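Q: Everything below, folded, please.
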Amino acid sequence: MPECHVCGKPAEGTGVVEGARVDLCDNCADYARDFRYYPRPEPVRAPQQQASLPVKKAAAQFEIVADYAKRLREAREKRGWTCEDLGKQTLISHQEIHSFEEGRVKPKVEQARKLEFTLGVKLLEAQEAENAERAPITETELERMARENASRRGASGGPTLADLVEVKKRK
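A: So this is what the prediction gives:
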């Protein structure tokens with residue numbers, strides 16, 4: 001950091017003293033014309049995570065029902081709306097709504113939520129988890145797995161956590 005040309009303290013900016021631009025501290029800035037502070041660097045901040053990730057995870061947990069086109073058309077006609085009217089309410093283009101009703105295009109989860117809310121129909125259903133069809137581990141199965149993994153026994157000699165876990169292989 002430069003020093004003040006008048007008193008020797010750390011300089012805070014520059015100013016014109018008797019026709020010359022010199023480095024000055026806050027105290028000596030009173031003697032200068034056109035005093036300007038040095039620009040302070042902006043502190044570097046870590047980039048913040050965006051909130052879009054949870055939305056994507058939530059979107060993956062739902063799927064569109066099979067008869068979405070029929071449900072959409074019936075709910076819209078029940079209210080007496082045209083595709084344009086529904087588009088204005090949901091901010092979805094009327095061409096997209098028409099494609100949804102014909103079954104040519106499936107709506108995205110976000111669009112389906114808007115349509116569900118506006119029309120009061122159910123278009124989304126929760127997906128079943130991948131492991132939902134697995135039966136719980138029985139005691140005999142646990143004993144078999146423990147015998148297979150006997151070399152990895154814990155200090156107590158009983159089954160360990162590794163005996164229960166099945167590691168998925170990468171494809």
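Q: mind checking the end-to-end distance for stretch 33-41?
A: 24 Å (C-alpha to C-alpha, to the nearest Å).
Q: How about residues contacting it?
A: Identification of contacts with stretch 33-41 by C-beta atoms under 8 Å, 6 or more residues apart in numbering yields 11, 12, 13, 14, 15, 16, 17, 24, 29. Heads up, the C-betas are built off the backbone N, CA and C, glycines and all.
Q: For it, buried residues please.
A: residue 35 (16 or more other C-beta atoms under 10 Å).
Q: Can you report how many residues lie near residue 71?
A: 18 (other C-beta atoms under 10 Å).
Q: do residue 11 as well
A: As a burial measure, residue 11 scores 23 neighbours (other C-beta under 10 Å).
Q: which residues does it contact?
A: Contacts of residue 11 by C-beta under 8 Å, 6+ apart are 1, 2, 3, 4, 5, 23, 24, 25, 38.
Q: what's it sitting at in phi/psi?
A: Dihedral pair for residue 11: phi -80, psi 150, per degrees, to the nearest 10.
Q: Following the chain past the helix or strand of the chain with the lowest mean pLDDT, name the next helix or strand.
A: Ranking every helix and strand in the chain by mean pLDDT, DSSP states H and E puts helix 52-60 at the bottom, with a mean of 49. Where DSSP states H and E defines the elements, the next helix or strand beyond helix 52-60 is strand 62-64.
Q: For stretch 92-110, list every residue counted as buried.
A: Judged by neighbour count (16+ other C-beta under 10 Å), stretch 92-110 contains these buried residues: 92, 96, 97, 98, 99, 100, 101, 106, 107, 109.
Q: And the last one, how close does it get to residue 33?
A: Distance of residue 109 to residue 33, computed by C-beta to C-beta, to the nearest Å: 65 Å.
Q: Can you show me the strands along this structure?
A: For the chain, applying DSSP state E gives strands covering 13-17, 20-24, 33-37, 62-64, 124-126.
Q: okay, now the domains of this structure?
A: Per the record, the chain has its domains at 1-38, 61-126, by automatic domain parsing.
Q: Let me see the mean pLDDT of the first one.
A: If I follow you right, that is domain 1-38. For domain 1-38, the mean per-residue pLDDT is 88.
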